[in-house]
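Trainee: Structure, please.
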Amino acid sequence: MRRIICVLLSVFSLSFVSCDKDEDVSFEETPYYLGYFEGIVNDQDMSIINQSGYGCVIDHGNFWEETSINMSGFHWEIPLKVNISDYPYPLLKISLIPLREGEYMIDKGKLLNEEVESTVRITKDDAKIIYHPLKSSFKIQVDSIRFHEGSGTPYIEGKMEGILYNIDNLKDSVVIKDAIFGIH
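Mentor: Next up is the predicted model:
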């Protein structure tokens, strides 16, 4: 009987211990290989998440900073694995210039000679088919840019949505909705 009472008291006392759902994940717990993309691509749910440093699905991005003109930028690629038969997978290529928190309304898929601004495009079939934001702007919202001690590459998280059109056939498009992303 005493044993039953002890067990019940233990269970009862543990019921008061809980995790705070609003508790922030400490920056030290953020993995170095952060890379994720979750959203809807052409009406199909897509979730790509790096699970470890080995065999990352979304490679780390490329960060650059030009201190003489006080400008920085970030470029990365996301393989859009909608269908396993699509290999090599279409690549969503994003460049954010200047890198900052806030909203980007991107109208270009490729820069001309001396332009310095944000771009977004998809390349498919080894870049034989290219999609750009031709009819309307592609929206990227950067919610967070953080630097980890010992790394010159930022952790970037945010949201994106928009339509990219095949530059050779405007009836062919890729629609991205309700997407969230994180990259380092």
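
Trainee: Point out where this structure drops to low pLDDT.
Mentor: 1-33, 51-56, 82-86, 112-115 (pLDDT under 70).

Trainee: got the residue ranges for the helices in this protein?
Mentor: For the chain, applying DSSP state H gives helices covering 2-14.

Trainee: Which residue ranges of it form strands?
Mentor: 35-41, 44-49, 62-66, 71-79, 91-96, 102-106, 119-124, 129-132, 138-146, 155-166, 169-183 (DSSP state E).

Trainee: what's the burial count for Leu92?
Mentor: Number of residues near Leu92 (other C-beta atoms under 10 Å) recorded here: 24. For glycine as for every other residue, the C-beta is placed from the backbone atoms N, C-alpha and C.

Trainee: Same question for Ile167.
Mentor: 15.

Trainee: Likewise for Trp76?
Mentor: Around Trp76 there are 21 residues (other C-beta under 10 Å).

Trainee: now swap in Gln44 and tell me
Mentor: The burial count for Gln44: 10, using other C-beta under 10 Å.

Trainee: Let me know the distance separating it from Lys135.
Mentor: Computed as C-beta to C-beta, to the nearest Å, the Gln44 to Lys135 distance reads 22 Å.

Trainee: Next: Lys93.
Mentor: From Lys93 to Lys135 the distance is 19 Å (C-beta to C-beta).

Trainee: Comparing the two, which residue is more hemmed in?
Mentor: Lys93 (18 against 11).

Trainee: partners of the more buried one in the sheet?
Mentor: For Lys93, the beta-bridge partners under DSSP bridges are Glu77, Arg121.

Trainee: Quick check: it touching Leu80?
Mentor: No. With contacts counted by C-beta atoms under 8 Å, Lys93 stays clear of Leu80, the gap being 10.7 Å.

Trainee: Are there residues contacting both of these two? Which ones?
Mentor: Common contacts of Lys93 and Leu80, defined by C-beta atoms under 8 Å, 6 or more residues apart in numbering, comprise Ile122.

Trainee: Which residue lies closest in space to Ser136, excluding its sequence neighbours?
Mentor: The shortest distance from Ser136 to any non-neighbouring residue, by C-beta to C-beta, 6 or more residues apart in numbering, is to Ile163 (6.3 Å).
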